[in-house]
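Q: this one's structure only:
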């Protein structure tokens, strides 16, 4: 009989333990575990109180009852301080003040949930014993860890949601501003063209040069706005992924980019990767353009290659340009951060490259030596 | 009161006279030849407030009937509620304000063949807690075909529950009389009312090995319920009678389909009973309710239909035991009720449970 009771006790513990950790929602976790305890032990109520500052607040109750938000009196503090792990106390007037519902007689088992407050189990029929306490202590310890995980998960969810909202707002804002800016820009471009054509004689050579400067600035601003638009749309839509033959893609890119005569580009054999052709083109093009723009050598060299790294491909774009100081290794990927005032640079190319790599779940970084050159690395999953 | 007439005018008149200006609890035997929609309409025309259910059989005094309407008066009822969509859990329980100094009794009939009845009972307890006693049963047809079976002034509903809160005290006794044959076992996988695994094994294989050995009978393709009605499962509760779950059939995967829900990791025994233990349990349930009663006006019996299927002609003895026990102490008490598909009560005033194969005796003061 004794062995049978032990087996039953263990199996009951198994049932309680298995009801814990099934959910990361605080209320659902409490429901799953505490309703089971109430049913199996034939109890009447359960509630959790958490001390906050000098108040005691209810975070869960079954049945619902009223919300508890009571100032911690000296007597209540003493009562709770006395509960090191668990204790059975009489359901007296003082306990009534911290119960979400009216309780008449019986007893309350109180468990210290540490950071998660105190759990109260109420039996109207006085059918809680020290045997129940010792049986429940280990599972309730596990339950308090589950509650902690629920709270951490909730905080993480809130943070993620807030980040998502902020990102969306920023992206929408960038998109809207870019569109709004393009319209007056087009007007300026058209008007200066007409001015140059219709008043050619009146404005003279100096005037034409100034109009050209205006149009160059307009063109630059247009490029910059396109960059912002690109940046704000990356990752906004579903990521397309299909096989892209990178050797062919690089051949096309090198036809588009204007490569000065003093620079040579050496492309090693590249694999076929899964991704969106347009985004991969933007990625390589921005890194190659950057290598060209900041190359100060009479014989500039750019090398593009790849290393096979088991789960992913590690690509590199290596140049023998000016090099980048170590303090700028992170900053360089931030939007509109230029290390020098180069008229050919918008300051958004590398941030677009980083965003594309991020969207594909890869990493991008660089190694550099001043006056010797820079190598940008990025990874793409196979 | 028992009504055997099938004429709606006579039925309505009889109900009206019986309940006076109170509400009526109407329990109808499933074979009663009555147009329920027309009856609801006539009762509404007469201005009678009511709730009720259709059951495999109804109880009046010492008699069990397949045809007939049993009427109980529901005193001091303010509102009758209908909760729809029990199976989808897509409902809310209305707020009720209770006077702390009064006793209340919540009476509910639920579609006994719908899913998630335990969730409904859990929601009732969450909202009303210890402020009321709970009492009721599962309505429906013995054919186990789900159809509209609970009703109020608003109409007749399927996948729904109806309830009212009475401004009176009740004393409740709950017993079943089934005893352990073998166990404990762990229901390692369950879904709704289906046991999918016991001790990580095929449930029918485990069940069959125990039951065939104990009963000396062999399961064949068409005798599952004939044997299984005597071997229910018991969900273990600490220091109290277990909660019975009735296996109805074995499906093509060797899984056991029960009346009432089960959950993963429940600890169960396989039970068996006999005429003596079941009748003794009904006597004890009655005594439990009588012990607390002072001046009951009526007794409502909620007895599981599967007890009559098991006891067969001996069920009369169970009913006689209950009625004689009540009458011996309170001769004036009227006795009525129903044979239900599942029984509802707050066992010992604790958390609400849905039972099978159990007798619930409610005495209303």
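A: Sure, I can see it. Keep in mind it's a predicted model, so treat the numbers as computed, not measured. Numbers count the residues shown, from 1 in each chain, chains lettered A, B, ... in the order given.
Q: CA only for contacts and neighbour counts going forward, please
A: Noted.
Q: helix or strand for the residue in the stretch 151-300 of chain A that chain B sits nearest to, which one?
A: Here the stretch 151-300 of chain A gets closest to chain B at one residue, residue A:151, 22.6 Å apart by CA to the nearest CA. Using DSSP states H and E, residue A:151 sits within helix A:130-198.
Q: ok, then the element right after that helix?
A: helix A:200-233.
Q: average model confidence for that following helix?
A: Across helix A:200-233, the average pLDDT comes to 82.
Q: which strands and helices sit next to that helix?
A: Contacts defined by 3 or more CA pairs under 8 Å, 6 or more residues apart in numbering or on different chains; DSSP states H and E place helix A:200-233 against helix A:130-198, helix A:349-359.
Q: and the residue of chain A closest to chain B?
A: Among all residues of chain A, residue A:63 sits closest to chain B, at 4.0 Å; criterion: CA to the nearest CA.
Q: measure the residue of the stretch 101-250 of chain B found nearest chain A to residue B:1 for me?
A: Closest to chain A within the stretch 101-250 of chain B is residue B:126: 4.0 Å, counting by CA to the nearest CA. According to CA to CA, to the nearest Å, residue B:126 and residue B:1 sit 34 Å apart.
Q: hmm, the residue of the stretch 101-250 of chain B closest to chain A is touching residue A:47, no?
A: No. Here residue B:126 lies out of contact with residue A:47, judged by CA atoms under 8 Å, at a distance of 11.7 Å.
Q: what is in contact with the two at once?
A: Taking CA atoms under 8 Å, 6 or more residues apart in numbering or on different chains as the criterion, residue B:126 and residue A:47 both touch residue A:62.
Q: and the stretch 201-350 of chain A, which residues reach chain B?
A: Applying CA under 8 Å from any CA of the partner chain, one finds that the stretch 201-350 of chain A does not approach chain B at all.
Q: show me the helices in the stretch 201-350 of chain A, by range?
A: A:246-256, A:277-293, A:349-359 (DSSP state H, counting those that start in this stretch).
Q: still on that earlier bit, and the residue of the stretch 101-250 of chain B closest to chain A, which helix or strand is it part of?
A: helix B:117-128.
Q: partner strands of the next helix or strand after that helix, parallel or antiparallel?
A: Moving toward the C-terminus from helix B:117-128, the first helix or strand encountered (DSSP H and E) is strand B:133-139. Using DSSP bridges, the strands paired with strand B:133-139 are strand B:105-111 (parallel), strand B:343-346 (antiparallel).
Q: how about residue B:165, nearest residue that isn't a chain neighbour?
A: Using CA to CA, 6 or more residues apart in numbering or on different chains and skipping the chain neighbours, the partner closest in space to residue B:165 is residue B:106 (4.3 Å).
Q: surely that neighbour touches residue B:163?
A: Yes. Using CA under 8 Å, residue B:106 is in contact with residue B:163, at 6.9 Å.
Q: what mean pLDDT does the strand or helix carrying residue B:307 get?
A: Residue B:307 is part of helix B:305-311, with elements assigned from DSSP H and E. Averaging pLDDT along helix B:305-311 gives 91.
Q: tally of neighbours for residue A:311?
A: 10 (other CA atoms under 10 Å in any protein chain shown).
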